[in-house]
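Chemist: just to be clear, the model below is a prediction. Sequence and coordinates:
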Amino acid sequence: MNILSSITSGGNIDILLIGLMAIGIGTLGIVAYFSDTRSITNQAFLAAAFSVIGWGVFNLAVFRLENTEVALWTLRGAVFLAVWHAFFSFLLFFVFPQEKVRLPLWFYAGVLPFAGIVSFLTLTPLIFESVSGFTAGVANVTNGPAIPLFGLATVGFHGAGLLFLFLHALKQDRQKRPQFWLVLLGASITYLLIILFNFVGPAILGNATYAPYAGLFTFPYIVLTTYAIIKHHLLNVRILSTEIFASVLAGIALVELVAASDLSEMIFRTAVFVSVLGFGFLLIQSVIREVRLREQVQALATQLTKANGRLRELDRQKSEFLSIASHQLRTPLAAIRGYASLLIEGSYGILNPEPKEVVENIFTSSSRMAQIVEDFLNVSKIEQGRLEYRLTPTDLQKLVQASITELTMSARNKGLDLSYVPQMTAQCMVQADAGKLQHVISNLVDNSIKYTAQGSITVGLSCDVKRKTASIQIKDTGIGIPKESLNKLFDKFVRARNAKDINVTGSGLGLYVAKEMIQAHRGVISVFSDGEGKGSTFVISLPTI
């Protein structure tokens, strides 16, 4: 005898069908709940799912009991759960599909107490007074005086829930509205069948032919809700596929259990069925955790992308501001330097020593400020990609000599020896933007003068004809550079730890600009130092032509 024949001959088809219903709606409720345990919609759906499972099981048990007293209390348990199923269905459709809802005062003051009172009355003779048996599909049940109240509660909750679901559907956009119509259709069919065959039939007409199969009436709701999930992606596809897989396994195990022929086989297959249910639950929960983690990672990645975009926009605005501010500052600084230079040269008459010293300080400070402004302007152009280079064949020796000539007086005023030591026999030509390359060389020599209290600055130039490389070395006997600062010295706004003791006005941008300009010339700039107080050497390497 095959499994189907065993089930049919044993009269267990109703158990199998109710079991499949319980697996389907129970799995759907668990998956929905654990997809977001804080969602009030998911909480209400889980409560509605398990209340209908309990109601279906109790309802079936009534028609399999011979003891009328036990049957009466089982029937009361079934209608008790029916009230709460109707209540949780109403709550579900009232809050669906929101995650957080502040329930109104009338819900706590009216709806919830009403459900509690009616559910209490179902356990008393006021709803069902007695049961004398169920024969030939006829329920021999004596109704109590409060049976209309039970009908009002179940029909009213289901009707109000469908009304709220209908109103929610009208508020949705065209993309989401079809999934609401599917759920509404499934729920309407289910509730209509339940009311007709489980309330009107037994309670009013006295016909309980289909009452044992009450749980099966939830299948339209399960099927259409599942289809809405698949069609309109209400749940993650991986979660849904795992749910279907677990439900199929549980269904197979249930079929085996119902077809058991003796007690030992039934015990064994019950253990298998329970194990399959536990395995399915753990599997679904594991997939939900994995999907949730991926969604969180995706959400964080999206937030990070937005934050990076915002940072880039802020950086662009900052660079534009620096560019505008630098341009606006250059003109007044140039005027200050120009008038100070004329006063020092005596164009407006010979100055006395004290006023002349003050004017010289003005000239020096404005020159430093002009250099800082120039650095800011260059940085903003570099970051915006607007720093243009006009590369032409350039005599590197002339650039180095011009920088030394420009800074000789500054070195002499500090009592330093600034010397040029070329190590080449022929002209050293490079493809360069002469103005920008001289700016870098002058900046490095000027830095050596600033950070050298006594001693010398030696500028060397060498050309390797075979390797086609030129090398400029600026070596000083100044304060040196701490080892921890060497690797970061060419970053923006970075200065050596001991630099502030000598020059408090530095911006930390000069070397960054120098690095960017040298790299634009396909060259390399590097620094060497044995430590504090031991001087430093800057080396620029460039390809020759």
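Modeler: On my side now, so go ahead.
Chemist: are we agreed that residue 278 is in a strand?
Modeler: No: counting by DSSP: H, G, I helix; E, B strand; the rest coil, residue 278 is located in no strand; its state is helix.
Chemist: residue 272 versus that one, what's the distance?
Modeler: Going from residue 278 to residue 272 by Cβ to Cβ, to the nearest Å gives 11 Å. Bear in mind the C-beta positions are built from the backbone N, C-alpha and C, glycine included.
Chemist: give me the more crowded residue out of these two.
Modeler: Shown here are residue 278 and residue 272; by other Cβ atoms under 10 Å, residue 272 has more neighbours (15 against 10).
Chemist: what helix or strand does that one sit in?
Modeler: Using DSSP states H and E, the element containing residue 272 is helix 263-345.
Chemist: same deal with residue 463?
Modeler: Using DSSP H and E, residue 463 sits in strand 456-464.
Chemist: so what strands line up beside that strand?
Modeler: Here strand 456-464 is paired, per DSSP bridges, with strand 417-423 (parallel), strand 469-476 (antiparallel).
Chemist: buried residues in it?
Modeler: Residues 456, 457, 458, 459, 460, 461, 463 are the ones in strand 456-464 that count as buried (16 or more other Cβ atoms under 10 Å).
Chemist: next one: stretch 393-404
Modeler: 394, 396, 397, 399, 400, 403, 404.
Chemist: report the distance from it to the chain centre.
Modeler: Distance, stretch centre to chain centre, for stretch 393-404: 55 Å (Cα atoms, centre = their mean, to the nearest Å).
Chemist: ok, residues contacting that stretch?
Modeler: By Cβ atoms under 8 Å, 6 or more residues apart in numbering, the list of residues contacting stretch 393-404 from outside reads 418, 420, 422, 424, 427-432, 434, 437-438, 441-442, 445, 459, 461, 463, 470, 472, 542, 545.
Chemist: of these, grab the buried ones for PyMOL.
Modeler: Burial among the contacts of stretch 393-404 is assessed by 16+ other Cβ under 10 Å; the matching PyMOL selection reads:
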select buried, resi 418+420+424+428+430+432+434+437+438+441+442+445+459+461+463+470+472+542
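Chemist: would CSV of the buried residues of stretch 393-404 with secondary structure be doable?
Modeler: Listed next are the buried residues of stretch 393-404 as CSV, based on three-state DSSP:
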residue, secondary structure
394, strand
396, helix
397, helix
399, helix
400, helix
403, helix
404, helix
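Chemist: in this structure, which spans are strands?
Modeler: Along the chain, counting by DSSP state E, strands occupy 128-135, 138-143, 392-395, 417-423, 429-432, 456-464, 469-476, 524-528, 536-543.
Chemist: which stretch in those strands is the model least sure about?
Modeler: Among these, strand 138-143 carries the lowest mean pLDDT, at a mean of 68.
Chemist: if we can go back for a sec, among the strands of the chain, which comes closest to residue 200?
Modeler: Of all the strands of the chain, strand 138-143 sits nearest to residue 200, with 12.0 Å by Cβ to Cβ.
Chemist: returning to that earlier point: any chance of TSV for the strands paired with strand 456-464, columns distance to residue 330?
Modeler: Converted to TSV, these look like this (distance: least, Cβ to Cβ, whole Å):
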stretch	distance to residue 330
strand 417-423	28
strand 469-476	27
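Chemist: and of those, who's closest to residue 39?
Modeler: Closest to residue 39 of these, according to Cβ to Cβ: strand 469-476, at 67.5 Å.
Chemist: let's see that closest one as PDB, backbone CA atoms only.
Modeler: Below are the C-alpha coordinates for strand 469-476, written out as PDB (Å, rounded to 0.1, in the frame of the first residue of the first chain):
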ATOM      1  CA  THR A 469      68.800  62.300 -15.800                       C
ATOM      2  CA  ALA A 470      69.600  65.600 -14.100                       C
ATOM      3  CA  SER A 471      69.900  66.000 -10.400                       C
ATOM      4  CA  ILE A 472      69.700  69.100  -8.200                       C
ATOM      5  CA  GLN A 473      70.900  68.900  -4.600                       C
ATOM      6  CA  ILE A 474      70.300  71.500  -2.000                       C
ATOM      7  CA  LYS A 475      72.300  70.700   1.100                       C
ATOM      8  CA  ASP A 476      72.400  72.800   4.300                       C
END
